[in-house]
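S.K.: pasting the sequence and the predicted coordinates here, then a few questions.
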Amino acid sequence: MGSDDIALVADALSKTHVGDEELSYEGRGLKMDNAESVKELVQEIEEYQGLRALWLEGNTVGVEAAQAIAKAWESKDQLQSCNWSDMFTGHLHLKSQLPLRSLGRALMIAGTNQTESLT
């Protein structure tokens, strides 16, 4: 196996999530206001095969960002656990309901079997 082959295998493994089946953005203090600000997260969600848990607590999520995340979730029917606590601190209380609607609707579209959702 040449060094190019090893590099390809290493790259593939770095993108593979083995074992825990969860993706965490916990406590990063991110301000996710629009689709561009969640581009990396959305890509990770879309590429993550077998995603069962998603941790977003401790970040601020606006309406447009939540809609982009929700769109990525629509195909994640194995998702069982989400933590949305402390996600809307940077937005007015009324506006915080809109991101929750988008996220919740996506879980229903995907047909997930939620066993845990923390808000």
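M.R.: Okay, I see it.

S.K.: where does the prediction get shaky in this structure?
M.R.: Scanning the chain for pLDDT under 70 picks out the ranges 1-19, 88-100, 104, 107-119.

S.K.: residue boundaries of the helices in it?
M.R.: With DSSP state H, the ranges of helices along the chain come out as 3-14, 39-47, 63-73, 93-110.

S.K.: separation between Ala66 and Glu21?
M.R.: Computed as Cβ to Cβ, to the nearest Å, the Ala66 to Glu21 distance reads 22 Å. C-beta here means a position set from N, CA and C on the backbone, and glycine is covered the same way.

S.K.: convert the C-alpha atoms of stretch 81-88 to CSV, please.
M.R.: Extracted in CSV, the C-alpha atoms of stretch 81-88 (Å, rounded to 0.1, in the frame of the first residue of the first chain):
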residue,chain,number,x,y,z
SER,A,81,-31.9,11.8,20.9
CYS,A,82,-31.6,15.6,20.6
ASN,A,83,-30.5,18.2,23.1
TRP,A,84,-31.8,21.6,22.3
SER,A,85,-31.3,23.2,25.8
ASP,A,86,-29.8,26.7,26.0
MET,A,87,-30.0,27.2,22.2
PHE,A,88,-32.1,30.3,22.0
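
S.K.: next, the buried residues of that stretch.
M.R.: 81-84, 87-88 (16 or more other Cβ atoms under 10 Å).
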